[in-house]
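In: Next one to model:
(one chain, ligands or ions: 1)
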Amino acid sequence: MNTPTTGPHTDRYVVMGNPVEHSRSPWIHARFAELTGQALTYEKHLTPLDGFASTLVALRQQGVKGCNVTVPFKFEAFAAATHHTQRATLAGACNTLVLRGDEVLGDNTDGVGLVRDITVNAGVPLRGARVLLLGAGGAAAGVLGPLLDEQPRELVVCNRTPAKADALVASHAAHAKNNKCELKSHTSQALEGVFDVILNATASSLGQGDIPAPDSVLRPGALVVDMMYGPAAQPFLAWAARHGATGRDGLGMLVEQAAAAFELWRGVRPPGAQVLAELSAVLARPPQT
Ligand code: ATR
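Out: This is a model prediction of the structure:
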């Protein structure tokens, strides 16, 4: 169904970030709205680094119905929410807010987006798998709960600063037990054996830093996901390819976290896989001069 995305009952949504210029979210949500016939607008908001809370108040007063929140505001978004979903509480951070009168519901759809991209779009089961999560910052915290929900056999968190991996494991220990998953932290020197799924949630690719894991963790056919997309993901994915593993960047996670936010706001599930294919084609096109 293709119907106009604006009309007399058009709702307004924004993505708050700094920087935010690069964000693909307006494109993704505009396409979701078109494909599901929802009347909405979605725009970027360059939020001052010291002005998240006051900007959120202003957006609420202007009648904005919901926000996505990106770097560096996910923790402030959690603090600003009056209610939280269970997965947001586990992550301690929010990427999605629903604004209803004085209430602000905080959710985190990053983890379910990643899980859906792996299990549905890539078709790789996490249940029973041996999973390696590299990094223990905000990006890793945002996805760990939903990864555990899939009941992997074992999940190892590995981080340059081991104390942060230990803390992340401790805060998710009960959730891991409920899901019958053996959750551990290891330094990269202590990693043993190969993994079925390897996830890069470190910021190392951004700085073209060293690969944060030894070659010995890879096996041919393993799935290796970098949560970044575009050039930032390439060193990690090239490393995976050299060892016969299948690389996947974070574009699918980006689209699927947006799909989960859209569903929360609108009560309608947009076609994530279709929009991922379309966005990949757009990004693969040479830039217009
Ligand atoms: P984000 O919200 O993107 O997760 P963050 O909270 O600053 O950002 O976390 C960045 C993560 O990338 C951390 O796990 C960090 O490791 P430390 O905890 O040791 O700082 C990791 N990281 C950043 N640069 C790295 C590099 N060059 N090699 C390995 N890990 C790196």
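In: quick one: low-confidence parts of the stretch 51-200 of the chain?
Out: Regions of the stretch 51-200 of the chain meeting the criterion pLDDT under 70 are absent.
In: Which positions in it make contact with the ligand?
Out: Counting by C-beta under 6 Å from any ligand atom, the stretch 51-200 of the chain comes close to the ligand at 135-139, 159-161, 164. C-beta coordinates here come from the backbone N, C-alpha and C atoms, glycine included.
In: Next, format these as JSON lines and append neighbour count and secondary structure.
Out: Converted to JSON lines, these look like this (neighbours: other C-beta atoms under 10 Å; DSSP: H, G, I helix; E, B strand; the rest coil):
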{"residue": "Gly135", "neighbour count": "24", "secondary structure": "coil"}
{"residue": "Ala136", "neighbour count": "25", "secondary structure": "coil"}
{"residue": "Gly137", "neighbour count": "15", "secondary structure": "coil"}
{"residue": "Gly138", "neighbour count": "18", "secondary structure": "helix"}
{"residue": "Ala139", "neighbour count": "22", "secondary structure": "helix"}
{"residue": "Asn159", "neighbour count": "24", "secondary structure": "coil"}
{"residue": "Arg160", "neighbour count": "17", "secondary structure": "coil"}
{"residue": "Thr161", "neighbour count": "11", "secondary structure": "coil"}
{"residue": "Lys164", "neighbour count": "17", "secondary structure": "helix"}
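In: for those residues, which one is nearest Ser25?
Out: For those, the closest approach to Ser25 (C-beta to C-beta) belongs to Ala139, at 16.4 Å.
In: contacting residues for the closest one?
Out: 110, 201-203, 227 (C-beta atoms under 8 Å, 6 or more residues apart in numbering).
In: So for the residues you listed, which is the shakiest by pLDDT?
Out: Confidence by pLDDT is poorest for Ala203 among the contacts of Ala139, given 85.
In: Does that one touch Gly137 like I think?
Out: Yes - Ala203 is within contact range of Gly137, at 7.0 Å (criterion: C-beta atoms under 8 Å).
In: List the contacts of Leu264.
Out: 66, 96, 98, 107, 109.
In: what's the answer for Thr82, then?
Out: Counting by C-beta under 8 Å, 6+ apart, Thr82 has contacts 102-105.
In: JSON lines for these, including neighbour count?
Out: JSON lines is the format used below for the contacts of Thr82 (neighbours: other C-beta atoms under 10 Å):
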{"residue": "Asp102", "neighbour count": "7"}
{"residue": "Glu103", "neighbour count": "11"}
{"residue": "Val104", "neighbour count": "21"}
{"residue": "Leu105", "neighbour count": "18"}
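In: Farthest-apart pair in the residues you listed, please.
Out: Across the contacts of Thr82 (C-beta to C-beta), the longest gap, 11.5 Å, separates Asp102 and Leu105.
In: would JSON lines of the contacts of Leu264 with secondary structure and neighbour count be doable?
Out: Formatted as JSON lines, the contacts of Leu264 follow (DSSP: H, G, I helix; E, B strand; the rest coil; neighbours: other C-beta atoms under 10 Å):
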{"residue": "Gly66", "secondary structure": "strand", "neighbour count": "24"}
{"residue": "Thr96", "secondary structure": "strand", "neighbour count": "28"}
{"residue": "Val98", "secondary structure": "strand", "neighbour count": "18"}
{"residue": "Asp107", "secondary structure": "strand", "neighbour count": "25"}
{"residue": "Thr109", "secondary structure": "coil", "neighbour count": "27"}
